[in-house]
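S.K.: Everything below, folded, please.
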Amino acid sequence: MKASELRDLTNGELQAKLDEAYEELLNLRFNQSIGQLKNTNRIKEVKRDIARIKTILRERQLAMEMK
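M.R.: Presented below is the predicted three-dimensional model:
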C-alpha cells in the first residue's frame, strides 16, 4: 500500500490496518515455517507496510504535540 493512500485514512483506520498487517505477518511466518509459503517476498512487503503505517502515526503524533 502506498503512503499517499495511507495518509488519507484516519488514525483509527490506520490502527486497524496495522493490526491486520501484524496478523498477516504472523500467518506468513507460520506458513513459511511449515513450508507452505510460495511468495516469500510478501513478508518483506508486509513489514514495509507496517513501517509506513507506524511512520505516519508517529508523524501525526508529533504534529499534535507541536500545536
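
S.K.: use CA for all of it now, contacts and neighbours both
M.R.: Will do.

S.K.: What's the separation between residue 25 and residue 2?
M.R.: Distance of residue 25 to residue 2, given as C-alpha to C-alpha, to the nearest Å: 18 Å.

S.K.: what about the longest helix in the chain?
M.R.: helix 41-66 (DSSP state H).

S.K.: other SSEs contacting that helix?
M.R.: Using 3 or more C-alpha pairs under 8 Å, 6 or more residues apart in numbering; DSSP states H and E as the contact test, the elements touching helix 41-66 are helix 3-7, helix 11-33.

S.K.: and it, how far out from the chain's middle?
M.R.: Taking C-alpha atoms, centre = their mean, to the nearest Å, one finds helix 41-66 lying 7 Å from the centre of the chain it belongs to.

S.K.: quick one, what contacts the most centrally placed residue in the chain?
M.R.: Taking C-alpha atoms, centre = their mean as the criterion, residue 50 is the residue nearest the geometric centre of the chain, at 2.4 Å. Residue 50 makes contact with 18, 21-22, according to C-alpha atoms under 8 Å, 6 or more residues apart in numbering.
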